[in-house]
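J.: Okay, structure incoming, though there's no sequence with it:
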């Protein structure tokens, strides 16, 4: 029996060996994708916890300052940036898994739709891993999925807090402001006057709305089906 060559010990030479290789590789990529998906979900859970805690602190006490809600928006924005970074890693492994499912496993069930040009792209991704989406696009996706509604809730609570001089304290009914001047006075934050705070809030939420509803490019794996994170 001739001695085995180095290539025979590394690369599959039979069809069954190739099938086993694909199965183990798919399982490994699924594991990494699931791990990063868990990290993405954890960040969303942290953001929801921050929103709930800050709402409780701000709205449950009449003397609580409205700046608590602005601070909550900053914290949620920080968590959004962290989640967007994690989502970019998740998207790398998700795109590989989807390529295997769409080009290999789908072809097993429907050989007539088989395509043979997907392996070079998979090989390039393994040799030189690169992010398939930008940080801005990742933030936009996460805003559309979860974070936009958190910011809307914080904005509604901030408007309620700044337009209410008193929120049912001592059993009395809530008292609301009756002029723009009173609202601007309530919106002041430390050395910042009310109009300055209002300008910053409007600019911030204008960016949130733009980043959320800007045109999303349906390319890559997003162009194949609507079921995606």
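T.: Done, it's in. The model shown is predicted, which means the values in this text are computed figures rather than measured ones.
J.: Closest to the centroid, which residue in this structure?
T.: residue 142 (2.8 Å; C-alpha atoms, centre = their mean).
J.: Quick one: name whatever helix or strand follows the helix or strand harbouring that residue.
T.: Per DSSP states H and E: residue 142 is located in helix 135-142. The C-terminal neighbour of helix 135-142 among helices and strands, as given by DSSP H and E, is helix 148-162.
J.: Give me the angle between that next one and helix 135-142.
T.: Orientation check (axes from the mean of the first three to the mean of the last three C-alpha atoms, to 10 degrees): helix 148-162 against helix 135-142 gives 80 degrees.
J.: Residue numbering should commence at 21 henceforth.
T.: Happy to do that; since the first residue is 21 now, the last one works out to helix 168-182.
J.: What residues sit buried inside helix 168-182?
T.: In terms of neighbour count (16 or more other C-beta atoms under 10 Å), helix 168-182 has its buried residues at 168, 170, 171, 173, 174, 175, 177, 178, 180, 181, 182. Any C-beta I mention is one placed from the backbone N, CA and C, and that applies to glycine too.
J.: Leaving out sequence neighbours, find the closest residue to the third one.
T.: Think residue 171. The shortest distance from residue 171 to any non-neighbouring residue, by C-beta to C-beta, 6 or more residues apart in numbering, is to residue 228 (5.4 Å).
J.: Need the phi and psi values for that neighbour.
T.: phi -60, psi -50 (degrees, to the nearest 10).
J.: Done for today, thanks.
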